[in-house]
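# Below are the sequence and a predicted model for it; my questions follow.
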Amino acid sequence: MMPGLSNRKTMQIQTPEGVIFSLTVAGIFSRFLAWTVDGAAIFAAASIISIATAFLAIISPDFANMLSVILFAIISVGYGIFTEWCWRGQSLGKRLLRLRVIDASGLKLQLSQIIIRNLLRPVDLLPICYLLGGLFLFWNQRGQRLGDLAANTVVVSIPSKKLLDVRQIQESKYNSFREYPHLEARLRQRVKPAEAAVALDAILRRDEISPEARIELFRDIAAHFRSLVPFEDKIDEMITDEQFVRNAVASIYRQASSGDAASRSAVLSEI
Amino acid sequence: MILDLQQFIKTERPRWEELESLLTRIEEDHDLRFNLEQTRRFHYLYDRAASDLLRISTFASSPEIVGYLEALVARAYGEIHETRDPRRRFLFWHWVSRELPLTFRRHLMAFWASVALTVLGALFGAGVLYVEPDTKATLLPFSHLMGKPSERVADEEESKGDYLQGKKAGFAGQLMTHNIRVSIFTLAMGMTYGVGTVVVLFYNGVILGAVSFDYIQDGQTRFLLGWLLPHGSVEIPSVIIAGQAGFVLAGALIGSRKRLSLLDRLAAVRGDLVTLIGGFSMLLVWAGLVEAFFSQYHEPVLPYGVKIGFGLLELVMLSAYLGFSGRSSPPKDPAP
């Protein structure tokens, strides 16, 4: 398990149909970054206003001053409300950081919730720099600041839209395991879904791992598979541990129910 | 059993993408309404995605697909299972004439608590200044209130309100935004179980009491009333309403309605809080305009009687509005 990931808070919601889904609560750091981006956006908007009102000041300095003061107040308070309402719980910063404000029960976010969570920000800011809100957020199981608690909202991380890149587990042109269908069958029978998932995950994420850790990881997984099904030495000696695991995963995930080997490989190459 | 992941994705992916595109349409268009056929299809796709999530979580836990499906099911769940009030068109007149005064009256106890704290603060401020006149600099940390009231009155009457010439609009803007910020802060302090709201209201009361005592003691009661009443008769009630909202929030936190959970109590008052915020913000815009464009003119430009009369009229109208508006008209919801 990658360090840090285990510390991420999640919230689970059970639907009336009995399906449980979990959402990852946004971390303090990503929320801080989103807040910084939003601060920059407000600053940019305020700068544009001051430029625009400077032109207006040529006609009426007093009116331009009033407009500038009011517009700045509206933007600084209304920015979060407006963007989160228009973009369904996302401000510019949250969009960039892939965060979203959601109703804590998983239901549709309401305007009153957005208004309350944004307007109660002053209490989270106390005594300085979000100290109270930050502490509350840190200790709260759902990562809620006080404004979120009052509004019953949670800020969650949006998972990547990227679906599984099945090409990564596509069989290589030659999978030596296929010469031993009885061993493949035994492998499929003995490997538990969780173990297969770990091996699959290792393949999918192999480029994210350092070379040393990658060698060690695949050695361990290969050793485990070997302990379950003793492949013949000549297969073993010809391939690396990583290739062994790739072959094993391809064998495990290959459609087992279909009888025709040709059609199975057609499915794999098609995807 | 291990799921044939590739085949599974190949088969189900078109439905996930269809569901995703429907969700994107819903999310992009707040007023979008599906017909029966589309609703059925949407529900079917949601069921299918939920079932896929269940299958994949059980048989082939792949973090990417599980995460993707969880996010998809979560989005669809929010749309399908929402049973709270459907979004209603906001009708300003209905809101002003019924919703705001009714909401105000629904939480009268909190309002009177807010009034009591302000009065207590005012009495304290006046009392302290009476006992210890030297504390004026501490109680009233504003340069224009430091001097002797009668001297300020003489200066103001001599200047004929011209010192704000060409600055009134900007001054009004500053007053509005500052007062609205203070009021929102007073409300937000309700999250400290009302302690912060008590402090803010009491402190406002202290300043008000000390200023009033200072002017009254110096024989400037007419000036004080003429100066404060035109805007104060709206501004002070607005801050008190903000305190009322803070106490409503604190009441929900503390749990005056024990049979409800904390989340339910907070949800029950959320709409009322937003209404009260809208109410005091609207009043403070008016107060800011009056303070900048009217309150700063004194005799001989504007007789104090006129200013006091105007302030009293505002107070009576505001009281009548908050106390009686919406009572006579039949309960009628705006068109959805």
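Thanks, I have it. Numbers count the residues shown, from 1 in each chain, chains lettered A, B, ... in the order given.
# Need the pLDDT of A:Ala256.
Reading off the confidence values, A:Ala256 has pLDDT 42.
# again, but for B:Ala242
The model's pLDDT for B:Ala242 equals 98.
# what about it, distance to chain A?
11 Å (Cβ to the nearest Cβ, to the nearest Å). (Glycine included, C-beta is placed from N, CA and C.)
# State the helix or strand in which that residue lies.
helix B:221-254 (DSSP states H and E).
# elements contacting that helix?
Judged by 3 or more Cβ pairs under 8 Å, 6 or more residues apart in numbering or on different chains; DSSP states H and E, helix B:221-254 is in contact with helix B:108-131, helix B:149-159, helix B:168-188, helix B:195-217, helix B:262-290, helix B:304-324.
# ok, now with 6 Å
Helices and strands touching helix B:221-254, by 3 or more Cβ pairs under 6 Å, 6 or more residues apart in numbering or on different chains; DSSP states H and E, are helix B:108-131, helix B:168-188, helix B:195-217, helix B:262-290, helix B:304-324.
# Taking helix B:304-324 as reference, get the angle to the longest one.
The one in question is helix B:262-290. 160 degrees (axes from the mean of the first three to the mean of the last three Cα atoms, to 10 degrees).
# Tell me which residues of helix B:262-290 come out buried.
Using 16 or more other Cβ atoms under 10 Å in any protein chain shown as the burial criterion, the residues of helix B:262-290 that qualify are B:265-267, B:269-290.
# now the angle from it to helix B:168-188?
Using the same axes, to 10 degrees: helix B:262-290 against helix B:168-188 is 160 degrees.
# same question for helix B:262-290, mean pLDDT?
On average, helix B:262-290 scores 95.
# Equivalent analysis for the first one, please.
Averaged across helix B:108-131, pLDDT comes to 97.
# and A:Ile102, what element?
strand A:99-103.
# for the helix or strand where A:Met66 lies, what is the average pLDDT?
Using DSSP H and E, A:Met66 maps to helix A:61-86. Predicted confidence along helix A:61-86 averages 94 (mean pLDDT).
# now it: how far from the chain's centre is it?
33 Å (Cα atoms, centre = their mean, to the nearest Å).
# Likewise for stretch B:67-82?
Per Cα atoms, centre = their mean, the centroid offset for stretch B:67-82 relative to its chain is 31 Å.
# go on, stretch B:97-104?
For stretch B:97-104, the distance to the chain centre is 14 Å (Cα atoms, centre = their mean).
# do that stretch and chain A meet?
No: judged by Cβ under 6 Å from any Cβ of the partner chain, stretch B:97-104 stays clear of chain A, getting no closer than 12.2 Å.
# again, but for stretch B:195-210
No: under the criterion of Cβ under 6 Å from any Cβ, chain A is not reached by stretch B:195-210; the shortest gap measures 7.0 Å.
# How far does that stretch sit from its chain's centre?
For stretch B:195-210, the distance to the chain centre is 18 Å (Cα atoms, centre = their mean).
# Remind me what the strand holding A:Ile102 packs against, helices and strands.
Going by 3+ Cβ pairs under 6 Å, 6+ apart, strand A:99-103 lies up against strand A:153-157.
# what's A:Ser22 in contact with, if anything?
A:Thr10, A:Gln12 (Cβ atoms under 6 Å, 6 or more residues apart in numbering or on different chains).
# repeat that for 10 Å
Listed by Cβ atoms under 10 Å, 6 or more residues apart in numbering or on different chains, the contact partners of A:Ser22 are A:Thr10, A:Met11, A:Gln12, A:Ile13, A:Val156, B:Ser57, B:Val66, B:Gly67, B:Glu70, B:Ala74.
# How much space separates it from B:Gly78?
15 Å (Cβ to Cβ, to the nearest Å).
# Same question for B:Ser281.
29 Å.
# Also A:Ser76?
29 Å.
# Show me which of those two is the more surrounded one.
Neighbour tally, A:Ser76 and B:Gly78, criterion other Cβ atoms under 10 Å in any protein chain shown: the higher count belongs to B:Gly78, 22 against 16.
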